[in-house]
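A.B. asks: Provide a 3D model corresponding to the input given below.
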Amino acid sequence: MKAVRLENLTKYYGKARGVIELNLDVEEGAFFGFIGPNGAGKSTTIRTMLGLIAPSGGSAKVLGMDIVKDRNKILENVGYLPSETTFYPGMRVRDILQFSANLRKQDCRQERMRLCERLRLDVDRKAGELSLGNRKKAGIVCALQHKPKVLILDEPTSGLDPLMQREFFSILQEYHKEGITIFLSSHVLSEIQRNCMRAAIIREGRIIAHDSVEALSKTSAKRVTVHGEADWEKLSGVRDLQENGGSVSFLYAGDMGRLVQVLSQGNIRDLAVAEPDLEEIFMHYYGAEE
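C.D. replies: Got it, this is the predicted structure:
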C-alpha cells in the first residue's frame, strides 16, 4: 500500500492556479522530499491531500483512504505541521500539547516529555509569549507526540536555530527507523539531500521531476568555473551565470566541444569543471524551459 497517492490532483482558487494534475506515489516507510520555492504549490498540495481544502479535480489517498470520504480517519493517522504555527495566545504550552493529544484520544505524556526535553521547549509559558522558534517547537511536538503512521511537515525548520534543526532531524531519523513515513516539504535543498531517499520537484503548480535524490542529482549539466575572459554569448546552455572579479561560474548543459572551442578563443588562466549539487540541479530545473 502507498502512504500517499495523488492522481491528477488539481486545485484552483477561483481562476488562480493552485496545483495542476499532480501524479505522485510515496511508499510506506519512505523519507520523501517535496521541493519548491514559495508559491510553487507545496502547501496547497499538502492541504488538499489532507482534505483540509477541497480539490477541484483528481483524487488523492493517504494510507489507502480517500481524502474526501475518509478525511477524519486520515487525520487520526497523520501528524501534520503547517508552515505557520499559531495557537490561542492565552493557553500555556502544556495545555496546547495536552489538547492536541486529547483530540486524538491518546496518552502521549511519555513521548511528549521526551520531545520537549530534546527540543528545550518550556511548557509553562503562554503561547502569546513564544518566539517564532518556540512556536515551531510546540507545533513539532503536537505533530510527533502520538507517533503517527505518516508525518507531513511543511517547511518545518523555519525559525529553528541550527542546533535545534540538527536535533529535529535526528528525531526524524529515529522515527523513520521505526517505519514512520515522512513527507518533508522544503525549499532548503541541503535538508532534502541529507535526509531524503526520494524527492519530487514542483514548479508553478506542476511536478516537473520525481526520482531518487541520487538520480535527481545526476544530470548532463556541469558546474564550470573559469578564471579569465571569453565570449560567453557564443555559448548556449548556460544558466545561473555568476561573475566575481576575474572569474565566472555557471551551470552548463550544452555541448562540451563548443565550450572548449569558446574557451580556446579567450584568455583563460584556470578552469574547473565539477558535478553540481542538488541546489544547483534545482536551479537547472527551474531555469529550464517548459
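A.B. asks: what does stretch 92-110 contact?
C.D. replies: Applying CB atoms under 8 Å, 6 or more residues apart in numbering, the external contacts of stretch 92-110 come out as 76, 87-88, 91, 112, 116, 121-127, 130, 138, 141-142, 145-146. Using the backbone N, CA and C atoms, a C-beta is placed for each residue, glycine as well.
A.B. asks: same check on stretch 77-88?
C.D. replies: Contacts of stretch 77-88 (CB under 8 Å, 6+ apart): 43, 46, 50, 62-63, 96, 127, 135-136, 138-140, 142-144, 146, 148-156, 158, 185.
A.B. asks: so which of those residues belong to strands?
C.D. replies: Among these, the members found in strands (DSSP state E) are 62, 150-154, 185.
A.B. asks: where exactly do the strands run in the stretch 101-250 of the chain?
C.D. replies: For the stretch 101-250 of the chain, the strands defined by DSSP state E, counting those that start in this stretch cover 150-154, 181-186, 198-203, 206-212, 222-229, 238-244, 247-252.
A.B. asks: those into a markdown table, with extra columns for mean neighbour count?
C.D. replies: Shown next, in a markdown table, are these (neighbours: other CB atoms under 10 Å):
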| stretch | mean neighbour count |
| --- | --- |
| strand 150-154 | 23 |
| strand 181-186 | 24 |
| strand 198-203 | 22 |
| strand 206-212 | 16 |
| strand 222-229 | 17 |
| strand 238-244 | 13 |
| strand 247-252 | 19 |
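A.B. asks: with mean pLDDT and distance to residue 12 as new columns, can those strands be given to me in TSV?
C.D. replies: Shown next, in TSV, are the strands of the stretch 101-250 of the chain (pLDDT from 0 to 100; distance: least, CB to CB, whole Å):
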stretch	mean pLDDT	distance to residue 12
strand 150-154	97	20
strand 181-186	95	20
strand 198-203	92	16
strand 206-212	90	13
strand 222-229	87	38
strand 238-244	80	31
strand 247-252	84	33
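A.B. asks: the contacts of stretch 92-110, buried ones only, as a ChimeraX selection?
C.D. replies: ChimeraX command restricting the contacts of stretch 92-110 to the buried ones, with burial defined by 16 or more other CB atoms under 10 Å:
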select :76,87,112,116,121,123,127,130,138,141,142,145,146
